[in-house]
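Q: show me the folded form of this:
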Amino acid sequence: MAQAHVLGVPRIGPKRELKFAQEAFWRGEIDEAALRSVASGIRQAYWARQHAAGLDRVTVGDFAFYDQMLNHIALLGCAPARFGFAGKIGLAEYFAMARGNAASHAMEMTKWFDTNYHYLVPEFAPDTRFEPDDAWLLDEVIEARTAGFAPKPVLIGPLTFLWLGKEKVAGFDRLDLLDRLLPAYARLLARLREEGVEWVQLDEPILSLDLPAAWRGAFERAYHALAGTGVKRLLATYFGPLRDNLVTALKLPVDGVHVDAVRGGEIAQVLDWLPATRVLSLGLIDGRNVWKTDFDAVLARYEDLGRRLGERLWLAPSCSLLHVPVSLAGETRLDAEVRSWLAFADEKLAELATLTRAFNQGRGGVAAELDANARALASRRASPRVHDRTVAARLAALSPAHAMRRSPFAERRRVQRARLRLPAFPTTTIGSFPQTLAIRNARARYRSGTLDAAAYEAAMREAIAEAVARQEALGLDVLVHGEAERNDMVEYFGEQLAGYAFSENGWVQSYGSRCVKPPILYGDVSRPQPMTVAWTCYAQSLTARPMKGMLTGPVTMLQWSFVRDDQPRETTALQIALAIREEAADLEAAGIGIIQIDEPAYREGLPLRTADWPAYLEWASRAFRVSASPVGDATQIHTHMCYSEFNDILPAIAAMDADVVTIETSRSDMELLRGFGSFNYPNEIGPGVYDIHSQRVPTAADMTRLLQKAAQVIPPENLWVNPDCGLKTRNWVESEAALANMVAAARVMREAA
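A: The predicted model follows:
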């Protein structure tokens, strides 16, 4: 009989209970006991759902108060020395690492593989020690057992933990820490066995990456060292095929292996190498998208494995369900037809239960579920709302000229400087300003129908006017309207484009307490009417200083949506690019001289294997250029990228040909900027000089030091001064204090030039 399990589940709660409890705790409104009570309730509810769905074990350890990598820093006792923590790490220290404190900046944050989830980057040095505190995990194991569930703890594997960290000392290789790390893992596994745990899931998603020989070879040494702990180990890989790491993974001394059958597709090769006594966990349900699973296709391809492997076959989603919303229950406003095509985390648990019964009992036992599934899929394929012939014709008419600015950058720069007349080290922000309680209340009332359109527009105009006045008072050189009217940088645009649908509660965690509600991209994309022109023009009318038009780029619109799976992603990206292109042209026609087309997800879309990079970078760069190229030379195009490693794709970033690129660099202490200098990046660049995700307000001296470091690798005449990211999540007190210091730092740099 095939068994069923999940690699992980959403941890925010169906109504974002964790987010609100976290933020209340940070504000001092609730104590630690209250926060832990909310966390326990979320865990208990999802264990109950897993049990009710017929899963053989519930997953434990996938919950995090902020991030699973940060959990492991606490679990393994390897907090960065710069925080000065002594002894065990409690919640206060845990959150200090994530958010920074008065003494030290927050830990660096970057994307989790090619998802929109962000993790905290471990910091390693030659003297890093691992002093495990198993209470972080054992308490949850005991909690699950007490509630009557059989727990399957999950740990990030030792090689993935090291790989995803960074050396903070030159000339040091973090792989050298493996022999010091393995005893800590062995101790954790032994303690879990003492608590009666039978199976532990060890996540090693780096096996889907291109690995150096030394790292690939380290797997055998590591897993032999963990073989004597007495607990069964399930090695979990996901996010892509194993390819050249397949033999390495299948030969390791573990008791089972999980493979991603959605993105992998190497099942025949896996079966060739799978030892006769080993469990195969098959990821059949897409853990990263929201479309219903095609039951007939899955059964046609894999049904015989149930007969061949019996109880050695485990069925699962492809990866953790962290990346999809909690439940479709309560989605009363979501278009009914589109809703019938979807499956969120709860529905994926039900799908898993249905497939498990089909494998174990035959199709006859689930005939009604199979029929309903087939009808929903047929409805989606046949729906006239999915395909638009006009959009297809516009795509067919695209030529190379549509993806090129009219003149080279050097000529554009001369014209733009004559028009804008900005000082050296021009100051600006990334786009958003604090979403105050008044703004949020007005939006909520407008959506509920208790505030009419005229009153809502008046409230937004008031907020925009306030943002413009504050920026002028601070002395910023290039202003933004503050995005008061925008709920989210993707959702706002998606709501105004054809081809998108929206949920009410389809939240997923991006990092910490930050949740996003990705649009559902189900059909061909077009722009019925202008989306930002009126708001931007109103803001420009309030000031003589340049006002940036703020757009979200096609790759980010794609990456931060749940994307249709019935056509190539490239095609969808170009459809979005044409819509953004129309908006950019309208902004220019309205007199806006600077247009920012944000692409924070540009690198996030990069395939995990370098052999697959060129094809992606070609179409992603083309999509951006299509969106940015209808404007004349005098219109300055900006783009923004954040929380990613850029150095290995600098030629592709240069090929985007934005006049100015702003990037996140403060958490890495300008380390990310060095590659731009070595590459001789040709256009202008704004390295973020302070971290907006921390409540810490850096001093003018802090930011001057970072700008001085930047000026050592980038020609000073090419440098802009800006924060790391938008200020939506901060308050005005923090924002104004930090921006005042940023303007002061720019003045210091001008005086020294």
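Q: quick check: residue 501 touching residue 522?
A: Yes: the criterion here is C-beta atoms under 8 Å, and residue 501 meets it with residue 522 at 5.7 Å. For every residue, glycine as well, the C-beta is placed using N, CA and C.
Q: shared neighbours, the two?
A: residue 338 (C-beta atoms under 8 Å, 6 or more residues apart in numbering).
Q: in three-state terms, label the most centrally placed residue in the chain for me.
A: Among the residues of the chain, the one closest to the centroid is residue 116, at 1.5 Å (C-alpha atoms, centre = their mean). Residue 116 falls in the coil class when you classify it by DSSP: H, G, I helix; E, B strand; the rest coil.
Q: low-confidence regions, the stretch 1-150 of the chain specifically.
A: Within the stretch 1-150 of the chain, no range satisfies pLDDT under 70.
Q: that one: helices as residue ranges?
A: In the stretch 1-150 of the chain, the segments counted as helices under DSSP state H, counting those that start in this stretch are 17-26, 32-52, 68-76, 91-99, 135-146.
Q: what stretches of the stretch 551-700 of the chain score poorly on pLDDT?
A: Within the stretch 551-700 of the chain, the set of residues satisfying pLDDT under 70 comprises 643-645, 667.
Q: quick one: contacts for the closest residue to residue 652 other than its chain neighbours?
A: Of all residues beyond its chain neighbours, the one nearest residue 652 is residue 617 (4.1 Å), with distances taken as C-beta to C-beta, 6 or more residues apart in numbering. Contacts for residue 617 were tallied using C-beta under 8 Å, 6+ apart; they are 606, 649, 652, 655.
Q: need the residues you listed in a markdown table (columns: neighbour count).
A: Formatted as a markdown table, the contacts of residue 617 follow (neighbours: other C-beta atoms under 10 Å):
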| residue | neighbour count |
| --- | --- |
| 606 | 22 |
| 649 | 21 |
| 652 | 20 |
| 655 | 15 |
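Q: looking at those, which is nearest residue 738?
A: Using C-beta to C-beta, residue 649 comes nearest to residue 738 of the contacts of residue 617, at 29.4 Å.
Q: and the gap between the closest one and residue 248?
A: In this view, residue 649 and residue 248 are 27 Å apart by C-beta to C-beta, to the nearest Å.
Q: check residue 237 too.
A: For residue 237, the distance to residue 248 (C-beta to C-beta) stands at 10 Å.
Q: shared neighbours of those two, which are they?
A: Any residue near both residue 237 and residue 248 by C-beta under 8 Å, 6+ apart counts here, and that gives residue 207.
Q: between the two, which one's more packed in?
A: residue 237 (26 against 19; other C-beta atoms under 10 Å).
Q: which residues are in contact with the more buried one?
A: Listed by C-beta under 8 Å, 6+ apart, the contact set of residue 237 reads 204-205, 207-208, 249, 257-260.
Q: excluding sequence neighbours, find me the nearest residue to it.
A: Closest residue to residue 237 in three dimensions, ignoring its sequence neighbours and counting by C-beta to C-beta, 6+ apart: residue 207, at 4.5 Å.
Q: now swap in residue 565 and tell me
A: With sequence-adjacent residues excluded and distances taken as C-beta to C-beta, 6+ apart, residue 565 is closest to residue 291, at 5.8 Å.
Q: could you do residue 514 as well?
A: Taking C-beta to C-beta, 6+ apart as the measure, residue 514 lies nearest to residue 729, with 6.7 Å between them; neighbours along the chain are not counted.
Q: pLDDT value on the one you found, please?
A: Here the pLDDT value assigned to residue 729 is 86.
Q: equivalent analysis for residue 516, please.
A: The confidence metric pLDDT takes the value 90 at residue 516.
Q: ok, the nearest residue to it once chain neighbours are set aside - how many residues close by?
A: In space, and not counting its chain neighbours, residue 516 is closest to residue 510: 5.0 Å by C-beta to C-beta, 6+ apart. Taking other C-beta under 10 Å as the neighbour definition, residue 510 ends up with a count of 17.
Q: for the remainder of this discussion, apply numbering that starts at 38.
A: Understood, numbering begins at 38; the last thing we discussed is residue 547.
Q: is it true that residue 547 touches residue 555?
A: No: counting by C-beta under 8 Å, residue 547 sits too far from residue 555 to count as a contact (9.7 Å).
Q: identify the contacts common to those two.
A: Taking C-beta under 8 Å, 6+ apart as the contact rule, residue 547 and residue 555 both touch residue 153.
Q: circling back: can you tell me which of the contacts of residue 274 are classed as buried?
A: When the contacts of residue 274 are checked for burial by 16 or more other C-beta atoms under 10 Å, the buried set is 241-242, 244-245, 286, 294-297.
Q: just the closest of those to residue 773, please.
A: Each of the buried ones among the contacts of residue 274 was scored against residue 773 by C-beta to C-beta, and residue 242 proved nearest at 41.2 Å.
Q: pretty sure residue 585 sits in a helix.
A: No: counting by three-state DSSP, residue 585 is not found in a helix; it is strand.
Q: what score does it have for pLDDT?
A: The confidence metric pLDDT takes the value 98 at residue 585.
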